[in-house]
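1. build me a model from this:
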Amino acid sequence: MTRVYLRWVPAAVVTAVITAGALAVPLQAGASVDLPDKTPQEVLELIGDSTKDSLSGTIEQTSNLGLPDLSAGGSAGGSAGGDEAASALELLTGDHTARVYVDGHDKKRVQVMDRMAERDLIINGYDVWLWDSKENTATHVAVPPHDKGDFPKPGDTPTPAELAEKFLEAVDPATEVTVDDDTEVAGRTAYDLVLTPRSSEDTLVGSVSIAVDSETGLPLRVQVTAQGETEPAFLLEFTELSLETPDADIFEFEPPPGATVKEKELPEHPSKDGKTDGDHDDFPGEVSGSGWDTVIELPAGSAPAELTESPMFAQATEAVDEGAVLSTTLLNILITDDGRVYVGSVPVERLQSAAAGG
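-> Next up, the predicted model:
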């Protein structure tokens, strides 16, 4: 999977945003945390200059997307594909806790703590392990060099920095960028960078708040609030954080005795220009709109049967003329009867219009 699959919208150059006047003046620091004032541009530069890539900590994800809480339902469907689909839906709902260990760009371990179980993703160079203690199954993938760092990560909880990067890539003149009151996350002082869509009619997103470590520029928390709401619909934050380099043995994994071990291989997909840097132009879908009202369309057959046939999918979606809609406070997904997929942080009517060719 290339990075283009993961981007919400195409990246925008921050300097162009500054030139367009999208950056507002800084607000005064709050009373509880009093940092030297910074402009939005200075906070963006603080993030851009951050070189901290070794850490460990506890991340908590809180979702209040208006979906039923599927986290207690366990896997559904009885097949491996059904289990993966159930896991994907389950991660969208409820609260989740994960331990995260990072050492540079090629070593990462994420331990998602489920009820009475644990799911691990271990990346160590070109070796990737996926461990599910509930199923007692370990999957090993040898990742081709060009896909290093871009491997699809089922069950992977991203760090606040990874999520913040996606939102910052989408900043354009339709976004107002401000600095709110200073804050504290995981015992560290932080600037609160706020991204707000200028138009409230075209998107479900009200604002995105990114807490930026005042010393390192590392994003510590991301809060996404829906239009018309005051409490975040999605929150991802460090509750504990160490900036020390994790021990090397954290990234080593050996399946326990008795575990089922599966081997998978990712095929190589060089780009049209012959490069294999993981950023090739092979996205099969189409993108319409721009900024916050972007809609991504994937062709017929993109929705896997193990997802659409999962009981949890039926529980989380509602039928419409075109097919089924997974509707949340921040993101809507339309899956048509012929398997096309339309995704966007836009009203359902916008997706239906796109499906009809409008």
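2. rest of the way, CA atoms for contacts and neighbours
-> Will do.
3. pLDDT at H105, what is it?
-> On pLDDT, H105 comes in at 85.
4. give the contact list for V346.
-> 202-204, 292-295, 330-332 (C-alpha atoms under 8 Å, 6 or more residues apart in numbering).
5. surely it is within a strand?
-> No: counting by DSSP: H, G, I helix; E, B strand; the rest coil, V346 is located in no strand; its state is coil.
6. so how far is stretch 234-249 off the chain centroid?
-> Here stretch 234-249 is found 17 Å from its chain centre; the criterion is C-alpha atoms, centre = their mean, to the nearest Å.
7. could you list which of the contacts of V346 belong to helices?
-> Of the contacts of V346, none are assigned to helices by DSSP state H.
8. adding pLDDT and neighbour count, write those residues out as JSON lines.
-> JSON lines is the format used below for these (pLDDT from 0 to 100; neighbours: other C-alpha atoms under 10 Å):
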{"residue": "D202", "pLDDT": "87", "neighbour count": "16"}
{"residue": "T203", "pLDDT": "93", "neighbour count": "22"}
{"residue": "L204", "pLDDT": "95", "neighbour count": "24"}
{"residue": "W292", "pLDDT": "90", "neighbour count": "26"}
{"residue": "D293", "pLDDT": "88", "neighbour count": "21"}
{"residue": "T294", "pLDDT": "90", "neighbour count": "21"}
{"residue": "V295", "pLDDT": "93", "neighbour count": "23"}
{"residue": "L330", "pLDDT": "92", "neighbour count": "22"}
{"residue": "L331", "pLDDT": "90", "neighbour count": "18"}
{"residue": "N332", "pLDDT": "93", "neighbour count": "21"}
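9. of all those, which comes closest to W129?
-> L331 (29.8 Å; C-alpha to C-alpha).
10. tell me the phi and psi of the closest one?
-> For L331, the backbone dihedrals (degrees, to the nearest 10) come out as phi -150, psi 140.
11. OK, contacts around the residue lying closest to it once chain neighbours are set aside?
-> Of all residues not flanking L331 in the chain, S345 sits nearest, at 4.3 Å (C-alpha to C-alpha, 6 or more residues apart in numbering). S345 is in contact with 203-205, 292-295, 330-332, counting by C-alpha under 8 Å, 6+ apart.
12. let's see that with 10 Å instead.
-> 8, 202-205, 226, 292-295, 327-333, 351 (C-alpha atoms under 10 Å, 6 or more residues apart in numbering).
13. same question, L330
-> 64-66, 203-206, 224-227, 233-234, 344-347.
14. now do the nearest residue to it once chain neighbours are set aside against A211, distance only.
-> Excluding its sequence neighbours, the residue lying closest to L330 (C-alpha to C-alpha, 6+ apart) is L204, at 5.3 Å. In this view, L204 and A211 are 21 Å apart by C-alpha to C-alpha, to the nearest Å.
15. go on, S288?
-> On the measure of C-alpha to C-alpha, S288 and A211 end up 30 Å apart.
16. with neighbour numbers in mind, choose between those two.
-> Higher neighbour count among S288 and A211: A211, with 28 against 13, using other C-alpha atoms under 10 Å.
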